[in-house]
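Enquirer: how would this look folded up:
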Amino acid sequence: MSSAPRNDRKPVTLTKLHEMRALGEPIVMVTAYDHPSAVVVEQAGVDVVLVGDSAANNVLGYEDTVPVTVEELLMLAAAVRRGLKTPLLVGDLPFGSYEASDAQAIGTAHRFVKEAGCEAVKLEGGGAMADRARAIVRAGVPVMGHVGLTPQTATALGGYRAQGRTAERARRVLEDALALQEAGCFAIVFEAIPADVTDVIMEHMEVPVIGIGAGASTDGQVLVLHDLLGIHDGFKPKFVKRYANVKAEMLRGVEAYVDDVRTRAFPAAEHSYGIAPEELERLRAQLPPHRSVV
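Expert: Next up is the predicted model:
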C-alpha cells in the first residue's frame with residue numbers, strides 16, 4: 001500500500017512535469033468533472049487533472065463526446081478548479097471549438113483560462129491541429145496534444161479502435177506527435193496505440209508523454225475517474241483497470257434507503273428534531289379543537 005500524500009506538496013507546474021520526465025518519475029493524470037472528484041484526486045496526490053470532453057457521456061448523458069459545448073465544459077472545469085490546490089488543471093477543447101481557425105482556437109483557449117481557471121488546454125489530432133496548437137501557445141496558453149485514437153474524430157479513424165497497427169499508420173502517429181512537439185505542446189497524450197509502437201515513438205519524444213492504452217514506456221498514465229472507480233458499468237475499454245466498484249456500492253446504498261422508506265424504518269427517532277414538552281403543549285393550546293369528519 002502506498003503512503004499517504006504529504007500535505008506540503010507544491011503546485012505542479014510545466015517545469016515540474018519536465019523534471020519528472022527527466023528523473024524518470026511517473027506522472028499521474030486523472031480525468032475528473034466535478035468538485036467532489038477534484039477533492040478526492042487532490043487528496044490522493046494526482047499530478048495532473050484533465051476536465052475531459054468525455055464528460056459528455058460520463059456525466060451529461062450524451063452518446064459520445066461530440067455534442068458537449070464549451071459552456072458545459074467551462075462550468076465543469078470551474079467546479080474542478082475550486083477543489084484543487086496542487087495538480088495542474090487542463091481543460092479539453094470540445095469538438096467544433098478550435099478547428100475552424102487560429103482565432104477561434106485562441107478565443108476558446110482564453111475562455112478556459114479566464115473563466116474556468118485552467119492552466120492549460122488540450123486539443124486532439126496532429127496535422128492542421130498542430131498549427132492550432134502553435135497559435136494557442138503563441139497566444140500565451142500552454143497546450144497538451146493528443147494523438148492515436150482521438151474520440152472527437154473516431155468515426156474518421158474507423159471507430160473506437162487502436163491506432164498505429166500497421167507500419168503506415170504507426171508512421172502517421174509518429175508524424176502527428178512530432179508535429180505537436182515542434183508546435184510547442186508541453187505534453188502529449190498517446191491513446192490506444194500498440195505498446196511496441198509507443199516504444200519506438202518515445203525514442204523521438206522530448207516532452208512528457210501521457211499514455212492511455214499505449215503501454216508502459218510513456219512518462220505517465222491517465223484514466224477517467226469514472227472508469228477506474230467503476231462509477232458506471234457500461235462500455236469498458238481494454239486499457240481500463242478497475243480499482244473499485246463504486247456504482248455497485250451506490251446502488252446498494254440507494255436500495256437500502258428505498259427499503260427503509262417503504263417499511264417506515266427511516267426516519268428513526270435519531271434522525272428527527274425535538275421540541276420541549278411545554279412548548280408542544282403551548283402549541284396545542286393555541287390550536288382550535290380538532291373536528292372529526294363524519
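
Enquirer: center of this protein - which residue?
Expert: By C-alpha atoms, centre = their mean, the chain has its centre lying nearest to T31, at 2.0 Å.

Enquirer: what's that residue in contact with, if anything?
Expert: V49, L50, V51, G52, S54, V222, L223, V224, L225 (C-beta atoms under 8 Å, 6 or more residues apart in numbering). No exception for glycine: its C-beta is placed from N, CA and C like everyone else's.

Enquirer: residues contacting the fifth one?
Expert: For S54, the residues meeting the contact criterion (C-beta under 8 Å, 6+ apart) are T31, T65, D92, P151, V224.

Enquirer: What ranges does the stretch 151-294 of the chain have for its strands?
Expert: 187-191, 209-212, 220-224 (DSSP state E, counting those that start in this stretch).

Enquirer: Out of these, which is the most enclosed?
Expert: Comparing the strands of the stretch 151-294 of the chain on average neighbours per residue, with mean count of other C-beta atoms under 10 Å, the densest one is strand 187-191 at a mean of 28.

Enquirer: Not counting its neighbours along the chain, what's nearest A38?
Expert: By the measure of C-beta to C-beta, 6 or more residues apart in numbering, the closest residue to A38 outside its immediate chain neighbours is G83, 2.8 Å from it.

Enquirer: Pop out the phi and psi values for that neighbour.
Expert: phi -100, psi 0 (degrees, to the nearest 10).

Enquirer: For it, give me its contacts.
Expert: H35, P36, S37, A38, V39, E42.

Enquirer: Need the pLDDT of it.
Expert: Reported pLDDT at G83 in the predicted model: 98.

Enquirer: can I get the contacts of S54 in TSV with pLDDT and distance to Q104?
Expert: Converted to TSV, these look like this (pLDDT from 0 to 100; distance: C-beta to C-beta, whole Å):
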residue	pLDDT	distance to Q104
T31	97	24
T65	91	18
D92	97	16
P151	65	20
V224	95	27
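
Enquirer: In contact with V40: list those residues for me.
Expert: Per C-beta under 8 Å, 6+ apart, neighbours of V40: A32, L225.

Enquirer: Surely it is within a helix?
Expert: Yes. Assessed by DSSP: H, G, I helix; E, B strand; the rest coil, V40 belongs to a helix.

Enquirer: Now C185: closest residue in space that isn't a chain neighbour?
Expert: Using C-beta to C-beta, 6+ apart, the closest residue to C185 is G145 (4.1 Å).

Enquirer: quick one: that neighbour and G184 touch, right?
Expert: No. At 9.6 Å, G145 and G184 do not qualify as touching, with contact defined as C-beta atoms under 8 Å.
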